[in-house]
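>>> mind looking at a prediction? Sequence and model below.
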Amino acid sequence: MTMQPTPRPDGLADGAADLLTRASIAAAIAAAHAEAVDRDGRFPEEAVAALRSQRLLGAAVPIAFGGEGASVRTLAEIAYRLGRACASSAMIFAMHQTKVACLIRHGRGEPWQDGLLRRIADEQLLMASSTTEGQGGGNVRSSAAAIEADGAAVTLERAATVISYGAQADGVVTVARRSPEAGPSDQVLCVFLKEDYALERLSGWETLGMRGTCSSGFRLKARGLPQQVLAARYGDIHNQTMTPVSHILWSSAWAGIGASAVDRAQAFTRTAMRGAGGVAPPGAVHYARAVSSLKQARALITQALDTFEGAEGDPAALAGLDVQTALTMLKVEVSELAVATVSSALRATGLAGYRQDGDFSVGRALRDILSAPIMIHNDRIVANLATATLMSPVAASLGA
Amino acid sequence: MTQALSVSVADRTMSLAHAIAARHAIKPDFDKADALVDVGLSSLDLVNLMVAVEAEFDIMIPPASLTPKNFYSIETIARMVESVRGLNA
């Protein structure tokens, strides 16, 4: 482990606001509690407290609103570091930042939304996301519940299959039909704060992995001001921000989980070689595979960041099929590479990795990473892509 | 006291390096200050030396210490080993 800088008494790292140093501090705290979070399926409150005290939750908010204007690239790097420490903490961070990105890019200029951004930076509010409902499964572009006008207020009642960390969040950013008369994909994004809603738990979260995300099902009954509904069309938010940012940040978290497994496979291999006079254990080739899979995943993420940054702020470029394909498939490809990485790490470590106790245990990483291909099912994404790309020419060259 | 320890760590490291070098048809002859890359040891030899050093001194070399500078010669390796041991002490 590399040496961590000593935090000052107020919890902030020495020197200027170095986001990545602060991220490493938060990650160290997350790592210390990761086993307990997983074992008890509990919210990683220590890690989230560290994200707050290190002022990472509000980091992406523009400087003008009291944040640090952190780029998606920086957020991705933070998600990677958190992923190495605690998968649930990393995923919570990724989901929160995705919603904040939607508010920053599509709510800005609306006074209530601007005020919320200031609060997110000031108070380090944690925002949850509710995009799935009842029968729809992972079909985010179809809603049942609608925003209803009630005098000067708006209300929303929504039965969501999952709201990750819904009970612990300071607010929920959710998708709904524009009005009771609107079609299923005529959607808007709206924000409700804790004081605006009541949550009724419909189902628990007793899962193989990602146990700390506490993604229970809830019925949300919310009441707020019309300004809490963003004016932008959700379709635009979805294509320009929601999909690219969530895929990049989830992928970064997954790569981090893979890295934690490779760490253990490497340590095991080196330790095993000692007792064998420098002869590599049988599983060593799998350690090499794990290294390679992780490298590929990281390369894809970096490429996606380049693509996204190149198209950022340009809706036409973002809507281009090449860009959409790359950003959409990123999630599919990295989820599968991350699973391969951790699986190889398990093969490399043999019984030592199979055990739940011990320094080389790979079990938790494996259970956590197996969520990746089904968190918005890969098959669903690929099927949609098949249709979407049927009429576009196959690349005539290696370059653009 | 530190002087004596240094000699001992360097000596032990030297015998590890000799054992690895001995696997080659031509046995390289070198001393503690020589650049290891120049004496006929390959990059794989250096990895094996690193593993042998970890076993010999019962340490896990942290990523930050895995630099070409630290693996330049027997002397630099010995110094790195002592600093890692010092961190763990």
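Great, that's in hand.

>>> residues contacting the residue minimising distance to the centre of chain B?
Centroid-nearest residue in chain B: residue B:77, 4.2 Å away (criterion: Cα atoms, centre = their mean). By Cβ atoms under 8 Å, 6 or more residues apart in numbering or on different chains, the contact list for residue B:77 reads B:13, B:49, B:53, B:70-71. Any C-beta I mention is one placed from the backbone N, CA and C, and that applies to glycine too.

>>> could I get these as JSON lines with secondary structure, neighbour count and distance to chain A?
Converted to JSON lines, those look like this (DSSP: H, G, I helix; E, B strand; the rest coil; neighbours: other Cβ atoms under 10 Å in any protein chain shown; distance: Cβ to the nearest Cβ, whole Å):
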{"residue": "B:13", "secondary structure": "helix", "neighbour count": "24", "distance to chain A": "15"}
{"residue": "B:49", "secondary structure": "helix", "neighbour count": "22", "distance to chain A": "9"}
{"residue": "B:53", "secondary structure": "helix", "neighbour count": "23", "distance to chain A": "10"}
{"residue": "B:70", "secondary structure": "coil", "neighbour count": "18", "distance to chain A": "14"}
{"residue": "B:71", "secondary structure": "coil", "neighbour count": "22", "distance to chain A": "15"}
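
>>> tell me the one among the residues you listed nearest to residue A:123.
Taking Cβ to Cβ as the measure, residue A:123 lies nearest residue B:70 of these, at 45.7 Å.

>>> please name the nearest non-neighbouring residue to the closest one.
Excluding the flanking residues, the one nearest residue B:70 by Cβ to Cβ, 6 or more residues apart in numbering or on different chains is residue B:80, at 4.1 Å.

>>> what helix or strand is the one you found on?
helix B:74-88 (DSSP states H and E).

>>> measure how far that helix is from the centre of its chain, please.
A distance of 9 Å separates the centroid of the chain from that of helix B:74-88, by Cα atoms, centre = their mean, to the nearest Å.

>>> buried residues in it?
Neighbour-count burial for helix B:74-88 flags B:74-78, B:80-82, B:84 (criterion: 16 or more other Cβ atoms under 10 Å in any protein chain shown).

>>> please name the nearest non-neighbouring residue to residue A:60.
Take residue A:60 and drop its neighbours on the chain: the residue closest to it by Cβ to Cβ, 6+ apart is residue A:70, 4.7 Å away.

>>> does the one you found belong to a helix, a strand or coil?
Three-state assignment for residue A:70 (DSSP: H, G, I helix; E, B strand; the rest coil): coil.

>>> burial count for it?
Burial of residue A:70 is recorded as 21 neighbouring residues (other Cβ atoms under 10 Å in any protein chain shown).

>>> state the distance from it to chain B.
Remark: distance between residue A:70 and chain B (Cβ to the nearest Cβ, to the nearest Å) = 25 Å.

>>> also residue A:179?
Separation of residue A:179 from chain B (Cβ to the nearest Cβ): 56 Å.

>>> okay, now that residue: neighbour count?
Residues within reach of residue A:179, counting by other Cβ under 10 Å, total 13.

>>> I figured it was touching residue A:143, is that so?
No. Applying Cβ atoms under 8 Å as the test, residue A:179 and residue A:143 come out as separate, 11.4 Å apart.

>>> okay, the closest residue to chain A within chain B: pLDDT?
Taking Cβ to the nearest Cβ, chain A has its nearest neighbour within chain B at residue B:55, 3.4 Å off. Predicted confidence (pLDDT) for residue B:55: 89.

>>> which ones are touching residue A:290?
Residue A:290 touches A:258, A:261-262, A:265, A:340-342, A:344-345, A:348, counting by Cβ under 8 Å, 6+ apart.

>>> now do the residue sitting nearest the centre point of chain A against residue A:250, distance only.
Centroid-nearest residue in chain A, with Cα atoms, centre = their mean: residue A:94, separated by 2.8 Å. Distance of residue A:94 to residue A:250, given as Cβ to Cβ, to the nearest Å: 5 Å.

>>> overlap in contacts, those two.
Common neighbours of residue A:94 and residue A:250, counting by Cβ under 8 Å, 6+ apart, are residue A:79.

>>> of the buried residues of helix B:74-88, just say which sits nearest to residue A:43.
Distances from residue A:43 to the buried residues of helix B:74-88, taken by Cβ to Cβ, are shortest for residue B:84, at 37.2 Å.

>>> near residue 19, how many other residues are there?
Using chain A here. 20.

>>> please go with chain B instead
Neighbour number of residue B:19 under other Cβ under 10 Å is 14.

>>> next one: it, what pLDDT does it get?
At residue B:19, the pLDDT value in this model is 87.

>>> low-confidence stretches in the stretch 51-200 of chain A?
Residue ranges of the stretch 51-200 of chain A with pLDDT under 70: A:134-138.

>>> can you rerun that using 80?
Counting by pLDDT under 80, the stretch 51-200 of chain A contains low-confidence ranges at A:133-139, A:160-161.

>>> just want the residue of it that's nearest chain B.
Counting by Cβ to the nearest Cβ, the stretch 51-200 of chain A gets nearest to chain B through residue A:84 (12.3 Å).

>>> tell me, how many residues neighbour the closest residue to residue A:88 other than its chain neighbours?
The shortest distance from residue A:88 to any non-neighbouring residue, by Cβ to Cβ, 6+ apart, is to residue A:212 (2.9 Å). For residue A:212, the count of nearby residues is 32 (other Cβ under 10 Å).

>>> hey, where'd the strands end up in the chain?
No chain in the question, so chain A it is. Counting by DSSP state E, the segments of chain A that form strands are A:127-130, A:148-150, A:153-160, A:171-177, A:187-193, A:197-203, A:217-224.

>>> reformat those as a markdown table; add mean neighbour count.
Formatted as a markdown table, the strands of chain A follow (neighbours: other Cβ atoms under 10 Å in any protein chain shown):
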| stretch | mean neighbour count |
| --- | --- |
| strand A:127-130 | 24 |
| strand A:148-150 | 12 |
| strand A:153-160 | 19 |
| strand A:171-177 | 25 |
| strand A:187-193 | 23 |
| strand A:197-203 | 14 |
| strand A:217-224 | 20 |
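
>>> dump those strands to TSV, plus distance to residue A:119.
Output for those, formatted as TSV (distance: least, Cβ to Cβ, whole Å):
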stretch	distance to residue A:119
strand A:127-130	10
strand A:148-150	24
strand A:153-160	20
strand A:171-177	9
strand A:187-193	9
strand A:197-203	16
strand A:217-224	14
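
>>> who wins for proximity to residue A:312 among these?
Here strand A:187-193 is closest among the strands of chain A (Cβ to Cβ), at 18.9 Å.

>>> dump the closest one to CSV, keeping only the CA atoms.
Written as CSV, here are the backbone C-alpha positions of strand A:187-193 (Å, rounded to 0.1, in the frame of the first residue of the first chain):
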residue,chain,number,x,y,z
GLN,A,187,-40.6,12.0,-19.7
VAL,A,188,-39.2,14.7,-17.5
LEU,A,189,-36.6,14.6,-14.8
CYS,A,190,-37.6,15.9,-11.4
VAL,A,191,-35.9,16.4,-8.0
PHE,A,192,-37.5,15.9,-4.6
LEU,A,193,-35.7,16.5,-1.3
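
>>> which elements pack onto it?
Where contact means 3 or more Cβ pairs under 8 Å, 6 or more residues apart in numbering or on different chains; DSSP states H and E, strand A:187-193 is packed against helix A:87-106, helix A:111-123, strand A:153-160, strand A:171-177, strand A:217-224, helix A:234-237.

>>> distance of the residue nearest to the centre of chain A relative to residue A:244?
To residue A:244, residue A:94 is 13 Å away according to Cβ to Cβ.
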